[in-house]
Every structure is written in C-alpha cells, then in structure tokens.
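Participant: Make a model of this:
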Amino acid sequence: MGRPVHPALAPYVASLRAYDVDLGAPGVHRGLPGTTLTLVLPAGEPLDVGWAGRPETRARRWSTLSGLHAHPAQIHHDGHQAGVQLALTTAGARALLGVPAAALAGTLVELEDVVPALRDLPERLAGVGPEQRAALVQQVLLARLGRSGRAARPPRAEVGRALAALTRGLRVEEAAAEVGYSRRHLATLVRAECGLTPRDVRRLARFERARAGLGRAPLAEVAHRCGYADQAHLTREWGALAGCAPTTWLREEFPFLQDPEVGADAG
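Facilitator: Numbers count the residues shown, from 1 in each chain. Alright, predicted model coming up:
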C-alpha cells in the first residue's frame, strides 16, 4: 500500500510503498524502467533479481538499489512478496545516498554498497510488523537527511528544471531553450547528473505515462495521449523497454482484466 511521503522527503522520494502480496504461484515479475531510482527492501526472504537477458547479474539480496536504466529487470519469486519499495528522484540520489544518480546508472547493487551507514536497515525491518515497515524507513531516511542530506551538493537548478521539462514531455530542444542552454551543453550536464541522455529521459517519461494509462483506454488512445506516433510505435517501445508487448504486461500484472485492449474501467 502506498504511504504519504513526509514533506521533508518529498523532493527526494517520489513514492514509498509497503507491500505484502500473495501471487498464487512461483513466477517472474518484470521490473520496468522509469525516471526514478528504485530501492527495494524485502521482508522475510531476500529479493531474487537480475537484469533480463543477463543471468550473471542475478542474485538474492536483502536490499536492491537499481539506477536509471532503459531495460527491464526480472524478479523471481516463490508466490509471495513482502517489503518496502521506494522510488528515489535524481535529487534524492544526492541527498539520501550521497552520490549523483549517474554513478548508479544501469547498476543493481545492495544499499550498503552505496551507503554503508544503512547496512543494518534490512535487519531492522525484519524486527517490525508489516504496518510499521514504511514508517521505519521514513524515520531512517529523515535522520539520514538531517545528518548529511543538507550538506550534499544538490543538482544544478537548471538541470533539475530541464529534467522536469523532459519528464513533462517537452522535446530536447524545447527543454534546452527553457533553461537557456544549447542541446549539446544540456546533454552533457544531464548525462553527468543521471547517466542518461535527455532523449532517454524523455523516452522513459513517456513510457511511464503509457504504463499509467494501460488498461484504462484503448491502446491507440493511450499511444496518442502519450505522444507516440501510433499504436505500433507504442508496442515497439514496450518491446524494447519492458521486453514484452503492453497487452502481455497487462495479462501478467492484471489477469482479471477481460479485455487487455481496453481495460476494466474504460468506458
């Protein structure tokens, strides 16, 4: 279940969710890319995760931190998953982890590899009930922010504004003009901050918007709303970024849907 993020953490934590789900049977869940870093703190059993198509990256971890990426992860499970999942902004990488997001781009690491001071967080989570896990994580992050977050160098204001513009769907040249940079200079700064090109950031933001719209409207309408050329373009991008067609993802994630082309609450 989603939990409101403390106002002091809001610039750094896009979402925080405690979860405890029965998936019915063992399987593989797709971890999709997006515009935020993902931190997963499992409870009960370590998370069995790796990049799709790269078996050498698969491992069982008591904490998994993934940087920005443009390909899916695969989470292997025994039919039950529990823990806390956070989406960290690029500003959150600096404030809470002490490194720019670019330092983690394309990686899957344990939290203690980046922030040794938080190595005991997974063990602390194991000692509390499900309803207290999200609250404990927020307390730990607030303490972390109070000790070191204010001293962390924030991203350049212009880069932050450009990333926000790209996430809204502005073209790269429009985002560059909005902050007064050339496309080349903006590309250099964005890559240094988050490890992706401005074009990749815009692409992932469009993918996130499409993901939010799937199952709520016909695919052609979702494609149009999100800025794809057509439904075929949307489907190609899902194949590249998710490793499957959008209808396949819907069937995997929401098997109760009667018509994956439209969705349960369209109409």
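Participant: CA only for contacts and neighbour counts going forward, please
Facilitator: Will do.
Participant: Which helix runs longest in the chain?
Facilitator: Taking DSSP state H as the criterion, the chain has its longest helix at helix 130-147.
Participant: Helices of the stretch 1-150 of the chain, residue ranges please.
Facilitator: Assigned by DSSP state H, counting those that start in this stretch, the helices in the stretch 1-150 of the chain fall at 90-92, 111-114, 121-126, 130-147.
Participant: Tell me which of the ones you listed approaches R211 most closely.
Facilitator: Evaluated over these, closeness to R211 peaks at helix 90-92, with 20.6 Å, by Cα to Cα.
Participant: now what about the closest one, what contacts it?
Facilitator: 11-13, 36-37, 100-101, 154-155, 193-194 (Cα atoms under 8 Å, 6 or more residues apart in numbering).
Participant: for that helix, what is the average pLDDT?
Facilitator: For helix 90-92, mean pLDDT rounds to 93.
Participant: List the buried residues for it?
Facilitator: Of the residues in helix 90-92, 90-92 count as buried by neighbour count, 16 or more other Cα atoms under 10 Å.
Participant: Now for A10, how many residues are close by?
Facilitator: Close neighbours of A10, defined as other Cα atoms under 10 Å, add up to 14.
Participant: Next, the contact list for it, please.
Facilitator: By Cα under 8 Å, 6+ apart, the contact list for A10 is empty.
Participant: per-residue pLDDT, it?
Facilitator: 95.
Participant: Which one of the contacts of helix 90-92 is nearest to A117?
Facilitator: In terms of Cα to Cα, no member of the contacts of helix 90-92 lies closer to A117 than P100, at 17.6 Å.
Participant: which stretches of the protein form strands?
Facilitator: Remark: strands assigned in the chain by DSSP state E are 13-22, 27-31, 37-42, 47-51, 59-61, 64-66, 73-77, 80-88, 108-109.
Participant: Now render those as a markdown table, adding mean neighbour count and distance to V172.
Facilitator: Converted to a markdown table, the strands of the chain look like this (neighbours: other Cα atoms under 10 Å; distance: least, Cα to Cα, whole Å):
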| stretch | mean neighbour count | distance to V172 |
| --- | --- | --- |
| strand 13-22 | 18 | 23 |
| strand 27-31 | 16 | 27 |
| strand 37-42 | 24 | 22 |
| strand 47-51 | 22 | 28 |
| strand 59-61 | 17 | 37 |
| strand 64-66 | 25 | 25 |
| strand 73-77 | 20 | 27 |
| strand 80-88 | 21 | 23 |
| strand 108-109 | 20 | 28 |
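Participant: ok so, going back, looking at the helices of the stretch 1-150 of the chain, which is nearest to V172?
Facilitator: When the helices of the stretch 1-150 of the chain are compared by Cα to Cα, helix 90-92 sits nearest V172, at 18.2 Å.
Participant: From the chain's centroid, how far away is the closest one?
Facilitator: Remark: helix 90-92 is offset 12 Å from the chain centroid, using Cα atoms, centre = their mean, to the nearest Å.
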